[in-house]
Every structure is written in structure tokens, then in C-alpha cells.
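K.L.:
missing the sequence, but the structure's below:
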Ligand code: TRH
């Protein structure tokens, strides 16, 4: 089924909005779908997608959607970005009506399973008569799953780590492990470095707060670091595959670290009402279900401490070998689940 999709994205801050929308557009195009991505600030695509815009995708100015002469078969509103009223009015006038889907934020909290697939009929306003459906990504069978390209695992299996690292000019010394760091400003960076220092480490810092903070920190003896430029989305994946430990943040890099199946630590976007603490606990509870307490305890401790929600004192980071085994079994479990685009296509078919 070849459909026309209108995906709307508003960049609020950081790169998650555009990162997820772009990945969604690419995933749909890979499955033969046609996508118009309406976005208010596409500037990050210059580094996220330096290879250019693939066939079947158009990237368009958000404002132009007001004058669009047609509406696709499916309209995706990412993260409740509120479509322009003029576009909604065109949606309401279209015969048959387009399927209208709100793609929500990723969480492992219980409300996700309860809310996934719910419908909100529009009783008034320009969209009167339309139905908006809520689509929640997630980690369990009763959610919408996670974005994963069809060939992802096959590309991982043939990835040449040494070749990729050499091409980036990244050279680890013998015995040194590689750690990627993509983070929000985090006062715990010195404590993290202390904990990492037990093993010689080359820290690869992504642009942003880590690169800003590191030059003024006194590094423990066994830690070296180097800044990375913004990588394309594909090369950011390669970085995650190449590293022995990945510190990731937000939403999309967090998902990509799970596909990478390497040890990881997640930093959540801190919210003033503390909502991120519940979100973290919900994920840890699910992720660590059935994990031996000797691994689960230190992992939980490390993740909480990195998020400012637990103490660094007496914390011994778990062995990477054990973290890796856990990461692989979690990845294998996730791959049993239909990916987000497969589920989205099914959802659209069901609701036709
Ligand atoms: O940038 P983020 O912090 O975005 C976040 C999340 O969307 C979060 O849910 C939201 O509440 C908050 O913003 C406001 O982290 P995230 O989601 O990992 O997005 C980063 C994107 O950037 C992702 O698609 C990966 C991509 N990326 C690259 O392509 N190259 C790079 O070099 C780096 C560092 C990232």
C-alpha cells in the first residue's frame, strides 16, 4: 500500500523533534511511502542528513502547509505540535478524510499502554468531524514499538569498527576503551569521570554541554577526551556501535543506543516538576526485570546518579562485560516486537 504522508514537526529545543521526525520520514520512504515533512526549522538536517533528501521525501516549510493544495492519506502530528488551522480545514474537506495520528513521546510508564490507540473525535473547530488517534511508541507488545529500519541489524552485523574509527581519525591506545558522551548540562560529570577512571578511557564528546564543560575539568589520570563534530544520523549510529559504553540522552539517541546493544547510560531531559524521575524508574523497572540483583542494583544506581536522582557515594559501576550481555538480550527482546513503522502502517490499514 503506497500512501502519501504529511508529517508535521515543530522544533521546540534540542534535536529530538527533528531527529525523530526525520528518522520516521526515512523509515516510511524505505517502505515505499511518500512523505512531505513540514518543519519550522530544518537547519539541523544540514549535519544530520548531509547525504541529502532521499527519493520519496520532500522537506517543506511549515508555513507553506497553509497553502497546500492537497492533503495526504495520513497526517502525522509529532509530539502534539498543533497543525495550522488552515491545513486542518483542508483535512476536514478531503474525501475520504485522512487518517490523523498524533505521535507521542516515548515512555515506559503504564499510561502508555492504556492510551495507545485512543481516539479523540473533533466536535468543533476547523477539524470538526475528524478523528485524531494517539500513537504511543514503547517497549512492550501493547504499544506502538520503536523506530527501526528494515536493514538495521544486517548493517550492524557487517559493520567494520576499525575501519570506521580510522576514517573518523579516532585512535584508541592499546587497552583503552571508547566511551561516547551526548549529554545535557550535568553537574555529575566529574563524578562520572572518577568512576570511569578505573580503566583507561578515551571519551568521545559530542557537541554541546559536554564539550563546553570538559576543558575546565581536571581529568583523572587514565582519561583522555576528544571532541567530535556533529555526525550524520547514520554516523552517530556507527559511533554507538563502535563504543564500549554510550551515554545518551532524550529520546532518539536513547533508542539508537538500545539497537546498538552496547552498555549504555541514559540521561533524561530534566523537567521542573520532576516527571523525569517517574519516567526513569518506569524504564529501569522494565529493563531490569529478571536481571540478577548484583547487576540490576549497580546499574540502577549508576543511571540514577547520572540523572541527579541518586548518590555517587559507594557506587561501583557494573562490569562492562555484564552490561553488554544485558544490552544484547534486551535488544533481542525488542526485535521480537514489530517496529514502529510496521505498526503505524497496520494502524492506518485498520483505521481505513
Ligand atoms: O536532542 P535531544 O536532547 O532531544 C530531546 C528529546 O527529544 C526529548 O524527548 C525532548 O523532551 C527534549 O529534546 C526537549 O536528544 P535525542 O532525542 O537523542 O535527539 C538527538 C538527535 O540528534 C538524534 O536523532 C540523534 C541525532 N544526532 C546526530 O544525528 N548526530 C550527532 O552527532 C548527535 C550528537 C546526535
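P.N.:
The structure has been received and is ready for your questions. Quantities reported herein were computed from a predicted structural model and do not represent experimental measurements.

K.L.:
show me which residues of whichever helix or strand residue 328 is part of are buried.
P.N.:
Per DSSP states H and E: residue 328 is located in helix 320-335. Judged by neighbour count (16 or more other C-beta atoms under 10 Å), helix 320-335 contains these buried residues: 320, 322-323, 326-327, 330-331, 334. For the C-beta atoms, the positions are set from N, CA and C on the backbone; glycine is no exception.

K.L.:
these: which ones sit near the ligand?
P.N.:
Counting by C-beta under 6 Å from any ligand atom, nothing from those sits close to the ligand.

K.L.:
output the residues you listed as TSV; include the columns pLDDT.
P.N.:
Formatted as TSV, the buried residues of helix 320-335 follow (pLDDT from 0 to 100):
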residue	pLDDT
320	95
322	97
323	97
326	98
327	98
330	98
331	98
334	98
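
K.L.:
which stretches in the protein count as strands?
P.N.:
4-9, 34-39, 57-61, 74-78, 99-103, 119-121, 131-135, 177-181, 201-205, 223-227, 245-249, 264-267 (DSSP state E).

K.L.:
for the ligand, which of the ones you listed is the nearest?
P.N.:
strand 245-249 (4.8 Å; C-beta to the nearest ligand atom).

K.L.:
how distant is the closest one from the center of its chain?
P.N.:
12 Å (C-alpha atoms, centre = their mean, to the nearest Å).

K.L.:
returning to that earlier point: now render the strands of the chain as a markdown table, adding mean pLDDT and mean neighbour count.
P.N.:
Below are these laid out as a markdown table (pLDDT from 0 to 100; neighbours: other C-beta atoms under 10 Å):
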| stretch | mean pLDDT | mean neighbour count |
| --- | --- | --- |
| strand 4-9 | 98 | 24 |
| strand 34-39 | 98 | 23 |
| strand 57-61 | 98 | 15 |
| strand 74-78 | 98 | 24 |
| strand 99-103 | 98 | 23 |
| strand 119-121 | 96 | 11 |
| strand 131-135 | 97 | 17 |
| strand 177-181 | 98 | 23 |
| strand 201-205 | 98 | 22 |
| strand 223-227 | 97 | 15 |
| strand 245-249 | 98 | 25 |
| strand 264-267 | 98 | 23 |
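
K.L.:
residue of the protein closest to the ligand, please.
P.N.:
Counting by C-beta to the nearest ligand atom, the chain gets nearest the ligand through residue 16, at 1.5 Å.

K.L.:
contacting residues for that residue?
P.N.:
Contact partners of residue 16, counting by C-beta atoms under 8 Å, 6 or more residues apart in numbering, are 250-252, 269.

K.L.:
and those residues near the ligand, which?
P.N.:
Within the contacts of residue 16, those near the ligand by C-beta under 6 Å from any ligand atom are 250-252, 269.

K.L.:
filter those to the buried ones?
P.N.:
250-252.

K.L.:
close to the ligand: what parts of the stretch 51-200 of the chain are there?
P.N.:
Residues of the stretch 51-200 of the chain found near the ligand (C-beta under 6 Å from any ligand atom) are 105, 182.

K.L.:
which bits of the stretch 251-352 of the chain sit near the ligand?
P.N.:
Contact residues (C-beta under 6 Å from any ligand atom) of the stretch 251-352 of the chain with the ligand: 251-253, 269.

K.L.:
just the helices in the chain please.
P.N.:
Secondary structure of the chain (DSSP state H): helices at 16-30, 45-48, 85-93, 111-115, 152-157, 161-168, 189-196, 209-213, 233-242, 252-260, 275-287, 293-306, 320-335, 340-350.

K.L.:
mean confidence score for the last one?
P.N.:
Confidence for helix 340-350, expressed as mean pLDDT, is 94.

K.L.:
same question for the fourth one.
P.N.:
pLDDT averaged over helix 111-115 equals 98, rounded to a whole number.

K.L.:
would you mark the buried spots in that helix?
P.N.:
residue 112.

K.L.:
give me the nearest residue to the most centrally placed residue in the chain, chain neighbours excluded.
P.N.:
With the centre of the chain defined as its mean C-alpha position, the nearest residue by C-alpha atoms, centre = their mean is residue 252, 0.9 Å away. Spatial nearest neighbour of residue 252, chain neighbours left out: residue 19 (4.1 Å); criterion: C-beta to C-beta, 6 or more residues apart in numbering.

K.L.:
OK, contacts around the one you found?
P.N.:
44, 48, 233, 251-253.

K.L.:
give me the distance between it and residue 212.
P.N.:
In this view, residue 19 and residue 212 are 20 Å apart by C-beta to C-beta, to the nearest Å.

K.L.:
residue 296 now?
P.N.:
33 Å.

K.L.:
of the two, who's got more company?
P.N.:
For residue 296 versus residue 212, the count of surrounding residues by other C-beta atoms under 10 Å is larger for residue 296: 18 against 12.

K.L.:
next one: the residue lying closest to that one once chain neighbours are set aside from residue 304, what distance?
P.N.:
Nearest residue to residue 296, sequence neighbours excluded (C-beta to C-beta, 6+ apart): residue 288, at 4.3 Å. Distance, residue 288 to residue 304, using C-beta to C-beta: 12 Å.
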